[in-house]
Each structure stands twice: as structure tokens, then as C-alpha cells.
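Trainee: A structural model of the following input is requested.
(one chain, ligands or ions: 1)
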Amino acid sequence: MKVKYDFDQIIDRRNTNSVKIDALKEVFGADDLIPLWVADMEFLSPPEITDALKKRVEHGIFGYYTPDDAYFKSIINWLENRHSWTVDKQDVIFVPGVVKGFAFAIDAFTNVGDKIIIQPPVYPPFKTTSEGLNRKIVNNPLIYDNGQYSMDFDNLREVAKTGCKMLILCNPQNPSGRIWSKDELSELAEICFDNQILVVSDEIHSDLVLRGNEHIPFATVSNKAAQNNITLMAPSKTFNIAGIVSSFAVVENEEIRKKYFNYLNARQLGDGTIFGYIGAEYAYEYGEEWLNQALEYIQENIDFVDDYLQKNIPQIKAVKPDASFLIWLDCRALNLSQPELEKLFIKKAKLALNSGTMFGKEGKGFMRLNVGCPRITLEKALDNLKKAVVL
Ligand SMILES: Cc1ncc(COP(=O)(O)O)c(C=O)c1O
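Mentor: Numbers count the residues shown, from 1 in each chain. Modelled structure (predicted):
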């Protein structure tokens, strides 16, 4: 009989140094808010991972660790079975975080002052990391039409001619949860290849694909994609183990691989920790049933939010994600400035969400809601929001 995992359980994370809970006061100025911001989940990670880590802790010696074939096999099998992507062991390397993974790629493949394309609204470190490394951001904003985001290929074709060196792709997209189609990814691959723009594809949300959808790894869409790409992935969001640090990169092109892996290896950045390797291996090897059940629960949370908003707060619309436990809320019909919108959520509704403009000015009028939590938390949050908007 299958184990039934319990996602309704309320877990107290206070005083565990959790950013989402323990940094509320510092970031939002109050700690009595319902935390629905940072993208980790309020669910216990799969017990199969916890048990493996416990067993290793009980050994009591934590010396230098070398990953064996089982670690690489767990990744290779996962990519094959879950995403129909066949990769070789030699193409895979540990990276100490997806953001760090693209920061290293920026360092290794571009110079100070070089131009990097991003497509806002998008995960804030795409911009902050690039600018922090003194690169210039070139925006190719997504088009938002009828509740759906798409890429602006006409504009991309134009900016691609201006000497850009890299494009950082979010696939699936954060904050909208959009899964890009094969045609869209192929078109992007073609434009970037033809203009010698390296595509770094952040696929951290790829395993969080919701009912009826399918993630398409960028590298699989064409030869031009496979030969001009670094893909970054991780079990961190998927299995709620972000604090363990267990990401990896996949690079199929030999020249790019050599350059990137040399950059990492020369600095010993491709060496993970004991817990990172064990966490990833057990997640991919034994976590699939937990994930399938978690995704069903998340889908029901999304449906619940969508339904509640339509019935009770029609001024706020959910942009329903194809993947992830994040919902991009279109609050533009409230006709508030961004500071007023933030105030409504924080002061009146007592909710901590990510403000839309964190993702670029294109996020004005939006808020990002994390639904990776027990349904009862969402029920309370939405009741608070209803009172705040209606009263
Ligand atoms: C698109 C995207 N990339 C990267 C990250 C963070 O990855 P890491 O913690 O491995 O740096 C997040 C976290 O929210 C994300 O949404």
C-alpha cells in the first residue's frame, strides 16, 4: 500500500532560522503576518530524505566526501524518466546553488560591462546578480495579454543584434509559472545561437509541473539549443530541501563544458557537501511518490485560491501557473499604487507576500503568493484579504 503523506500538518518553523518566518520582522516590519513569500514550502520534506540524513549523522564522522555513481545515476535517471532528457555523467556537475551557478557562468563567459538579456517580470537575482558583477542588463520584457505571458521575439531579435553575450532564461517562469512551449524555446535558441548569445537556463522549477502540463528542458528542443547552453537544476524547491544546497549544472557542448567546469573545479566550487549529495540522491531515488502527492495538493491549493478570488475578491485575479507553488496575483483592478498595495497586504490583511515590482517594473500591480502550505493557512490568508479589500 502506498504511503499517504500529510500536507495538512501545521509545522512550527519559528526559531529555526527560517528566512520566511524568522526574517519577517526585519523585512516587513512586523512578525504577526502570515508568511506567504520566500519560495520554500511549509511541508515536511520527504521522510525518505530525512531518514537517509539521520543515518549519516548517526555515523558521527563528517570527513571529506566523494560522490559515487549512485549520486550521478539518481540525477541521470530522474532527467530521463521525468523529462525524457538523456544526459551523460560527464555533463553533470554539482553547483552550490542555482543563483551561484549563473553567477559563475556570468563570471566565466562574460566580461565587466558586457550585456546580459533577461525577460522581466522575472526572479530578482537575474538582474541583481548580473548588475552586482558589473554587467549591463538588457530587458526583453514579457508580453502580458489576456492573463497569459509570452516572449517578445520581435524585440528579442532587435536587442540580440546589439552585442549581448548571455541570456538568462527562466524555464518554467518565475513569477508567472508559465511553461515555455517547444516552439517558443526553439525560436529563442535560434536567435541566441545565431547571435552568439549563450543561454543559461534556470530550470529550478522544472519538477513542479502541475496537472496536465509537461516541462521541456531547453537543451532538448534543438541542436542550436543543446550546443549553446548551460542548464541549472536542483531538487531544492521540488523536495523542500533548499537549506541543504544540492543544485547541479548540465552542459552538453564540450567547449562550454570545459570552460565552465574548469572555472568551477579550479575554485573547488563543484564539490558539494555530504548532506547535499545524500539529499539529492535520496530525493531523486525515493522522493517521487511524495512529489506526486505534493503536486496534487498544490494543484488543489491553486484551484482553491482561484475559486475563492473569483467568488469573493474579483478585483484580484490569479494568473494560474503551469508549474510551481507560486501564484502571480493580478491586483491592478484595485487601482492602487505599489506602496498602497503593499500596505493593504501587510498592514490591513496581515499577509507577507512578495511585491510584484521586486520582479521588475513590469510587476507593478501584482503580488506573488506562495501556496506551498496547508490549505487552512490559505483559508485564513484569503479571509484576511477579503476583509482588507472589501471593508
Ligand atoms: C527561478 C529561481 N532560480 C533560483 C532560485 C534559487 O535557487 P538557489 O537557492 O539554488 O540559488 C529560485 C528561488 O526562488 C528561483 O525561483
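
Trainee: Now do the same contact list for Ser206.
Mentor: Ser206 is in contact with His83, Asn171, Pro172, His215, Pro217, Met233, Ala323, counting by Cβ atoms under 8 Å, 6 or more residues apart in numbering. (C-beta placed from N, C-alpha, C; glycine too.)

Trainee: secondary structure element for the third one?
Mentor: Looking back up the chat, that one is Pro172. Pro172 is part of no helix or strand when elements are defined by DSSP states H and E.

Trainee: So it is in contact with Ser181, correct?
Mentor: No - in this structure, Pro172 is not within contact of Ser181 by Cβ atoms under 8 Å, at 11.3 Å.

Trainee: Counting neighbours, go ahead and name the busier of those two.
Mentor: Remark: of Pro172 and Ser181, Pro172 carries more neighbours, 25 against 13, as counted by other Cβ atoms under 10 Å.

Trainee: Neighbour-wise, give me the winner out of the contacts of Ser206.
Mentor: When the contacts of Ser206 are compared by neighbour count (other Cβ under 10 Å), Met233 ends up highest, at 28 neighbours.

Trainee: so what's it scoring on pLDDT?
Mentor: pLDDT, Met233: 98.

Trainee: Need the phi and psi values for it.
Mentor: According to degrees, to the nearest 10, the main-chain angles of Met233 amount to phi -140, psi 170.

Trainee: what's the burial count for the nearest residue to it once chain neighbours are set aside?
Mentor: Spatial nearest neighbour of Met233, chain neighbours left out: Glu203 (4.9 Å); criterion: Cβ to Cβ, 6 or more residues apart in numbering. Residues near Glu203, counting by other Cβ under 10 Å, number 23.

Trainee: which residues touch Glu203?
Mentor: Contact analysis of Glu203 by Cβ under 8 Å, 6+ apart lists Asn171, Pro172, His215, Pro217, Phe218, Thr231, Leu232, Met233.

Trainee: ok, now with 7 Å
Mentor: Asn171, Pro217, Thr231, Leu232, Met233 (Cβ atoms under 7 Å, 6 or more residues apart in numbering).

Trainee: Relative to the ligand, which of the residues you listed is nearest.
Mentor: For the contacts of Glu203, the minimum distance to the ligand (Cβ to the nearest ligand atom) is 7.6 Å, reached by Leu232.

Trainee: about what we covered before: ok, and which of the contacts of Ser206 reach the ligand?
Mentor: Checked against the ligand using Cβ under 6 Å from any ligand atom, those yield no neighbours at all.

Trainee: Out of these, the closest to Ile75 would be?
Mentor: When the contacts of Ser206 are compared for distance to Ile75 (Cβ to Cβ), Met233 wins out at 8.2 Å.

Trainee: Next, the contact list for that closest one, please.
Mentor: Glu203, Ile204, Ser206, Ser247, Phe248, Val250.

Trainee: Tell me how many other residues crowd the closest residue in space to Glu252 that isn't next to it in sequence.
Mentor: The shortest distance from Glu252 to any non-neighbouring residue, by Cβ to Cβ, 6+ apart, is to Ala226 (4.9 Å). Neighbours of Ala226 under the rule other Cβ under 10 Å: 18.

Trainee: what's Ala226 in contact with, if anything?
Mentor: Contacts of Ala226 by Cβ under 7 Å, 6+ apart are Ala219, Glu252, Asn253.

Trainee: So which elements touch the helix or strand containing Thr128?
Mentor: Using DSSP H and E, Thr128 sits within helix 125-132. Here helix 125-132 touches helix 98-109, strand 115-118, strand 136-139, going by 3 or more Cβ pairs under 7 Å, 6 or more residues apart in numbering; DSSP states H and E.

Trainee: ok, back up a step: would you mind measuring from the residue nearest to Met233 to the ligand?
Mentor: Glu203 is 9 Å from the ligand, where distance means Cβ to the nearest ligand atom, to the nearest Å.

Trainee: Show the pLDDT at the closest residue to Lys224 other than its chain neighbours.
Mentor: Of all residues beyond its chain neighbours, the one nearest Lys224 is Phe193 (3.8 Å), with distances taken as Cβ to Cβ, 6+ apart. Here the pLDDT value assigned to Phe193 is 98.

Trainee: Quick check: phi and psi on Phe193?
Mentor: Dihedral angles (degrees, to the nearest 10) for Phe193: phi -60, psi -50.

Trainee: How many residues are close by it?
Mentor: Neighbours of Phe193 (other Cβ under 10 Å): 19.

Trainee: and Asn265, how far is that from Glu362?
Mentor: Between Asn265 and Glu362 the distance is 38 Å, computed by Cβ to Cβ, to the nearest Å.

Trainee: Looking only at neighbour counts, state which of those two leads.
Mentor: Using other Cβ under 10 Å as the criterion, Asn265 and Glu362 rank with Glu362 on top: 19 against 12.

Trainee: Quick check: residues of the protein near the ligand?
Mentor: By Cβ under 6 Å from any ligand atom, the part of the chain that sits against the ligand consists of 39, 97-99, 123, 170, 174, 202, 204, 234, 236, 242, 247.

Trainee: quick one, strands of the stretch 151-300 of the chain?
Mentor: 164-170, 198-202, 229-233, 247-250 (DSSP state E, counting those that start in this stretch).
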